[in-house]
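S.K.: Sequence plus predicted model, see below.
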Amino acid sequence: RDMDNQPSSLKMELSPMSQLSSQDALKAQVAHAALAYVQPHSLIGVGTGSTVNCFIDALAQSAIPVQGAGSSSIASTQRMQALGIPVVDLTDVQSLSVYIDGADEIDGHGYMVKGGGAALTREKIVAAQAKQFVCIVDQSKRVDVMGAFPLPVEVIPMAVPQIIREFSALGGQAVLRMREAQPLVTDNGQYILDVHGLKLTEPMALEARISQWPGVVTVGIFAFQKADICLLATPDGVQTLRY
Ligand code: 5RP
């Protein structure tokens, strides 16, 4: 796993260098495979994270012209602009042909946990505007039941203690995501809770339930905005999973 995108509680699980570099190779491979879903001269949506960074780089290097890209984060906007990919304002756009993004976990239905990179709110908004969600992951993200990766939830700061109590009642331990001894502040000026100990056996019901709690901006369960296609990078090549 890319450590930059992980909650700080996971940072102790550092992989050996050789494992990291083979994972990087899988990310580059799956990012390249996603180019097949970019229709020339179309409007596309672009996610956030280390796998998407590989996709942005591959798109810039390819000869595929895009009309524009709707971006899910300041980081992706900056990377695309630096490489000459035109970024569009999503409020000016009605729909996107495809949304390409990574995930922290994806199950057998195409349901995902996202938000390891703190961009979940804009990711869900951009995904909602796209006709097709293409999820690009390496095989470490494919799980049977989601929940081992702590569930990211973007919240309004004043609601943090109450939402921690709500998760506790569900059997989850919610931890405020920190950066340099301060709460991490998202692109939207809000905080992130990472919830440990949940088993996401019914992702759609749980997404609906948590989304209704006062102060929740976005829960990182993507069941209503699930993947239509998952490109799964394995050492034997990229598999295409359709849901
Ligand atoms: C960012 C996300 C990313 O898609 C997710 O964290 C996966 O990132 P990476 O490709 O770096 O593993 O949801 O908010």
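M.R.: Arrived safely, thanks for sending. Numbering: from 1, shown residues only.

S.K.: From now on I want contacts and neighbour counts done on CA atoms only, so please keep to that.
M.R.: OK.

S.K.: Go through the worst-scoring helix or strand of the chain on mean pLDDT and flag the buried ones.
M.R.: Scoring the helices and strands of the chain by mean pLDDT, DSSP states H and E places helix 17-33 at the bottom, with a mean of 85. Buried residues in helix 17-33, counting neighbours by 16 or more other Cα atoms under 10 Å, are found at 23-33.

S.K.: quick one: it near the ligand?
M.R.: No - using Cα under 6 Å from any ligand atom, helix 17-33 stays clear of the ligand, coming no nearer than 7.6 Å.

S.K.: Only C-alpha atoms, please: export that helix in CSV.
M.R.: Extracted as CSV, the C-alpha positions of helix 17-33 are listed here (Å, rounded to 0.1, in the frame of the first residue of the first chain):
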residue,chain,number,x,y,z
MET,A,17,11.1,-1.8,-0.5
SER,A,18,10.9,-4.7,-3.0
GLN,A,19,7.2,-5.1,-2.2
LEU,A,20,6.5,-1.4,-2.6
SER,A,21,8.2,-1.2,-5.9
SER,A,22,6.3,-4.3,-7.3
GLN,A,23,3.1,-2.6,-6.1
ASP,A,24,4.1,0.6,-7.9
ALA,A,25,4.6,-1.5,-11.1
LEU,A,26,1.0,-2.9,-10.7
LYS,A,27,-0.4,0.6,-10.2
ALA,A,28,1.4,1.8,-13.4
GLN,A,29,0.1,-1.2,-15.3
VAL,A,30,-3.5,-0.7,-14.3
ALA,A,31,-3.3,3.1,-14.8
HIS,A,32,-2.2,2.4,-18.4
ALA,A,33,-5.1,-0.1,-18.9
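
S.K.: For that helix, name the packing helices and strands.
M.R.: helix 50-61, strand 133-138, strand 229-234, strand 237-242 (3 or more Cα pairs under 8 Å, 6 or more residues apart in numbering; DSSP states H and E).
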